[in-house]
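1. Task: produce atomic coordinates for the following.
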Amino acid sequence: MTARFTPLDMAQRLGRTEQRQIRPSIPPQVHSRSDSHPRRTASPSPAPSEPTLTALLEQRFPEVVQLLRWVGCESLDDWMSVWVQHRGAGWVYEVLDAERDPGGVITAWKAVLDARDQAILVLESLVFESNLCRFAAEASAKMPSRLRYDKTLHVVRQRVALSLWDHALSINWWRPFVFCRALRLARTYLVHVVRDNALTEGSSRFQFSGRLGQATVLLARFEQVGAADLESSAAHIRASITEGNPAEDAVPYLLECYLRLHDHTGNREYLGRAVKTDKDFPGERRGTSWMLHMAEIWLRLADGLPKGDAFGTYLERAEKALLAAGEPGGEDAVRHALLDCVAAAARRTPELVPHIRLGLRRLNNPFGLGEHLRRFAEDGYPAVTLPATLVHHLQRRFESSTEPLHRRLLSDCLRAYIQLDDVSEMERARLLRKALDLQERSLVRAAPLTDELSRMRYADDLLATAELQGNRKFWMVGISLLIRETAANSTSCVPLVRLGRELEKGGTLNRSEQADMRRRLGDVPQADRWIRAVAEGDSGLFYEEAADRAISSPDLVRRNLGGRSNVVTVDDYLGFTSSTLVFKPTTRLCFDRDTEKSAAVARTLRRMDAEDEFATIDLITTISATDLSHSEEQFQIGTEIITVRRFEHGTVLAECLSPASPDTSCELLKRAAKFLAYVHGSDDPASGRIGGVRKEVRNEVRMWLRAVLPDEPSDGANELFEEWWALLEGIGLPPQPRRDAHAFNWLVTDNDRIIAVDLEAARWRPMGYELAQLTDDVPALPVDRWDLRRDVVTCYVEALTRCAGPSRPIDVEKVWAAYRASLLARAVRCLSDRTNEPGIREHGEALLDELSSQPKGDLTRDLAIRLRDAWAKRRGTPGDAPLRELKDGRRRRISRSLSYHLRHGRELTQNPQGWVPIDSLVRALDPKLRVSADELISVARAVSEERFEVRGDLVRARYGHSRPTAIEYEIRAPEGRLYHCTPTTALHNIFERGEGLRPMTRQWVHLTTDRAAALSAGRRHGPCTLLCVPDPSALECRHAGGATWLVAQVPPSALTVVPLHRLFSTHG
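-> Here you go, the predicted structure:
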């Protein structure tokens, strides 16, 4: 009989288990014969120690060190030790100290090639790329005759891609955020390698195109991936098959890609593509994954159909695919069991059921099965029966399995099932006990589950069991295990947050229990501190420590909540704490204001009995910016403190709104408007006259107007503001306290509460102004749905009336008029948007069109028409066409034609400064375009167009000429670095032949301070490499306008190549 392990036995065993760390993945070549290693150079005397080498790495390659930490390097010393064992300390020293002899970079790389190391360490590959990029000119000068710089850099980047790929796969599911980050970084390199595949040996191209396609599929198992990325993934996988990737290996990923596309879009066409793909390879051996994908595809095709011929055919094919899959192991066994259970439920469904619902969509991987149980429970028949059936089926199949993955997934499934509403308390207790048994070795002869997630789950289950059964011993063990976890992983905030939440329930320790816990945790650093906090019920201590760790933990995903204060959130990778930490950089004054306002709002919510519907974010602690090592790079200048708050999981309101779902958006906006009324009503009425409202509104509205009006000197902004303010002031409503009510400042939680973020705003705004900000700073409602907008305003007025009481009556018609007038300002704000968020400007244009089309006599109509016409002139709208009907494609065609004729064409006569009469240019343009003079002027003066200049009836290109011109430019030094994206094929001439950057057919070399713009321009011409001028002060630079700078020539010594990892966002 198997010996039973109690929770105390389990705690002792887990106490001896060290936290699993990510070690550097060691390529097979590391274990090969010593004569395959690069020849080791003579090391300095004495040979440098590993700590010395680590210090040199941190000094010379800080970006690489930071990047390694974000992809899971927990011990730089360990990674250095492996590198030294592989190459030798002297050799590593020479590579790290390339600044002393930059030409040695090529010598060292040649040694790696001669050793035929097809895979190298992540650390080594990133250092080589950094050296080759930084010392491009010096390394090229010492390039052996059989090597070329462009090919060498390309091969190094191939090795970076492969080493990062192997590293990511060594992490996989047990640290999913780190896995995804490492995989996305690998994909950055794979994209570049595949784009430039002319430099890749033909026989190995499929290795990179195949991995590029697979990367997106693997990412989709753990995070949201867009349909465009998935389509691109499918194309790369198909291309890899034509390049030699075995179909047996590649097709399963292609089928999975089509499943994810069906998840994302609901379009059954992707299931049809998957079926066609399966038919395209009739003679290929079909492995387990292939057949399981096909089984799911057939079941999804059957989903939603009545029982009939088509349904029967699909179900039969699914059952045959499951039979052909055999009896798989690992996670495939769990997936096989799931699909088998779904197929059986479909087979049992009575024929009277009109539409059979199987609920398989959005089940990305077996690790999401527990979460998917709730989706089954909320779907139609027979999906609603699947949670109970599936749990029973999985228990029967896996509870005696010795495979850790099976036990882990089954315990997760049991834990999720007991959260469902229709599970009895007795059943909850029984299944929770079974989940504990699975994590121990009680049911089978196997070691306990000791990965981090299982340890955390075990502690959590003990606490849940203790609460359910009133078992004090279980509670003690659960708390002890969580304290042990705080020491086992010094970057994880999850156990600390869980401890904080437990203490909020009121748990404490008596003296006897404290002594018992000290004996149990005697080997844990700072155990006394944690035990004392538990005894005192001090949840704040755990939250403060959690917040401190969360700032720099690689195991947390960050999401920007928008707003002017750069608020960000972090979610734990275990999906374990059911809450999110919110970090907000601010000043002490703003924090005090926020705290005071939050308290006032909380009092109002209690008074209005609305605490179940609305809330503010709980403040956990504040952290001084000076105490954070990463504050300078993560938070803006002027930050004094970072406030740490907590809210239940949810979504930013802006992400829940869409004009495509007007009724849903309207209901959310009505609730947010109600909350906004309570926020406005929480301030005491100010005594006397409120000053400064006009001045503050004038500053921001004039700023937007200046971006919208035509760019010749004019007092138009002042005139339009005064006219708009008179319209608003004439309505006669009192101002309201400022909230900053845009849709990024509200959160909708999973339990449907609305949470207010960022209450630090000061001073006052006109009534109706912030309502318009709420509804229209992001597109939320169709511009012509005035009925829905009226509902939102009415809801606001009713709530504000209830809050203020009968002594302060509010006229809904006046608020409606003020709201409509305020929409003019919000439309202008949308037009001036510089964030490049999709649809913002288009929404502003459509809103102005709508306001302009109101009946005569409407107070806002005339002003809307004037604003619309001014923007039309600024943007480049032909004639009287509505703004929303503009086609960007036509604008681009006209712009390209202008560019050609003004820069390169010989048909037109230019004066020495490059000016051309507009009428002459109109006649010279392609007759098929049918461009009018007004159109030409509008396009040339468009707000987004910096290449052209209009003066009276003349137009010219500001820069880029291949024809001789004598334009005078301002000579001055740019602030910061300059960039230029060049074809990869040009690197040989730039560096090895020492030509640098030359104007070629143009008059000047074009550089830009905008890195993204340089990349965009370079990619239009094929594979390219981004170059940088780190110190442009040594060059004579001419400012051509906007971000563009002109230089006669750039010598190679002034240039570096930008490493690809600099184009990668660790939180993107």
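2. Would you mind listing the residues in contact with residue 1013?
-> By C-beta atoms under 8 Å, 6 or more residues apart in numbering, the residues touching residue 1013 are residue 1043. Just so you know, the C-beta spots here come from the backbone N, C-alpha and C atoms, and that holds for glycine as well.
3. ok, so what distance separates it from residue 1059?
-> 19 Å (C-beta to C-beta, to the nearest Å).
4. try residue 782
-> Taking C-beta to C-beta, one finds residue 782 at 46 Å from residue 1059.
5. now swap in residue 508 and tell me
-> 53 Å.
6. higher neighbour count, those two?
-> Taking other C-beta atoms under 10 Å, residue 508 and residue 1059 do not tie; residue 1059 has more neighbours (24 against 12).
7. where does the residue nearest to the more buried one when sequence neighbours are not counted land in three-state SS?
-> In this structure, residue 1059 finds its nearest non-sequential neighbour in residue 133, 4.8 Å apart by C-beta to C-beta, 6 or more residues apart in numbering. At residue 133 the chain is in helix, as set by DSSP: H, G, I helix; E, B strand; the rest coil.
8. Quick check: pLDDT value at residue 133.
-> At residue 133, the predicted lDDT confidence score is 96.
9. That one contacts residue 1058, correct?
-> Yes. Here residue 133 reaches residue 1058: they are 6.6 Å apart, a contact under C-beta atoms under 8 Å.
10. Looking at the two, which is more packed in?
-> residue 133 (23 against 18).
11. Tell me which residues touch the more buried one, please.
-> Contacts of residue 133 (C-beta under 8 Å, 6+ apart): 153, 1056, 1057, 1058, 1059.
12. ok, the residue nearest to residue 1059 to residue 1055 distance?
-> 10 Å.
13. Next: residue 209.
-> Taken as C-beta to C-beta, the span from residue 209 to residue 1055 is 30 Å.
14. the helices in the stretch 951-1068 of the chain, which residues?
-> 987, 1011-1019 (DSSP state H, counting those that start in this stretch).
15. Just name the most buried of those.
-> By mean neighbour count, with neighbours taken as mean count of other C-beta atoms under 10 Å, helix 987 ranks first of these at a mean of 23.
16. what sits up against it?
-> Contacts of helix 987 (C-beta under 8 Å, 6+ apart): 136, 149, 150, 153, 1025, 1057.
17. Quick check: mean pLDDT of that helix?
-> 95.
18. What segments of the stretch 301-450 of the chain are strands?
-> Using DSSP state E, counting those that start in this stretch, no strands are found in the stretch 301-450 of the chain.
19. so where is it shaky, pLDDT-wise?
-> Applying pLDDT under 70 to the stretch 301-450 of the chain picks out residues 441-445.
20. Helices along that one, start to end?
-> 309-324, 330-348, 369-378, 386-398, 404-417, 425-439.
21. Need those helices in TSV (columns: mean neighbour count and distance to residue 955).
-> Converted to TSV, the helices of the stretch 301-450 of the chain look like this (neighbours: other C-beta atoms under 10 Å; distance: least, C-beta to C-beta, whole Å):
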stretch	mean neighbour count	distance to residue 955
helix 309-324	17	63
helix 330-348	20	64
helix 369-378	18	59
helix 386-398	18	67
helix 404-417	22	66
helix 425-439	18	74
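22. which parts of stretch 56-70 are buried?
-> 56, 57, 60, 61, 64, 65, 66, 67, 68, 69, 70 (16 or more other C-beta atoms under 10 Å).
23. Just say helix, strand or coil for the fifth one.
-> Right, the one you point to is residue 64. Relying on three-state DSSP, one would call residue 64 helix.
24. Next, the angle helix 309-324 makes with the helix or strand harbouring residue 291.
-> Assessed by DSSP states H and E, residue 291 sits inside helix 288-302. Helix 288-302 and helix 309-324 are oriented at 160 degrees to each other (axes from the mean of the first three to the mean of the last three C-alpha atoms, to 10 degrees).
25. So what touches helix 288-302?
-> 248, 251-252, 255-256, 258-259, 262, 268, 271, 274-275, 278, 286, 310-311, 314-315, 317-319, 321-322, 324-326, 328, 332, 335-336, 339, 342-343, 346, 356, 358, 360-361.
26. try 6 Å this time
-> 252, 255-256, 271, 274, 278, 311, 314-315, 317-318, 321-322, 324-325, 328, 332, 335, 339, 342, 358, 360 (C-beta atoms under 6 Å, 6 or more residues apart in numbering).
27. Over to stretch 458-476?
-> Contacts of stretch 458-476 (C-beta under 6 Å, 6+ apart): 7, 429, 432, 435, 436, 439, 477, 478, 481, 482.
28. Was I right to think residue 222 contacts residue 180?
-> Yes. Counting by C-beta atoms under 6 Å, residue 222 touches residue 180, with 5.5 Å between them.
29. ok, those two, which is more surrounded?
-> Taking other C-beta under 10 Å, residue 222 and residue 180 do not tie; residue 180 has more neighbours (22 against 19).
30. Cool, thanks, talk later.
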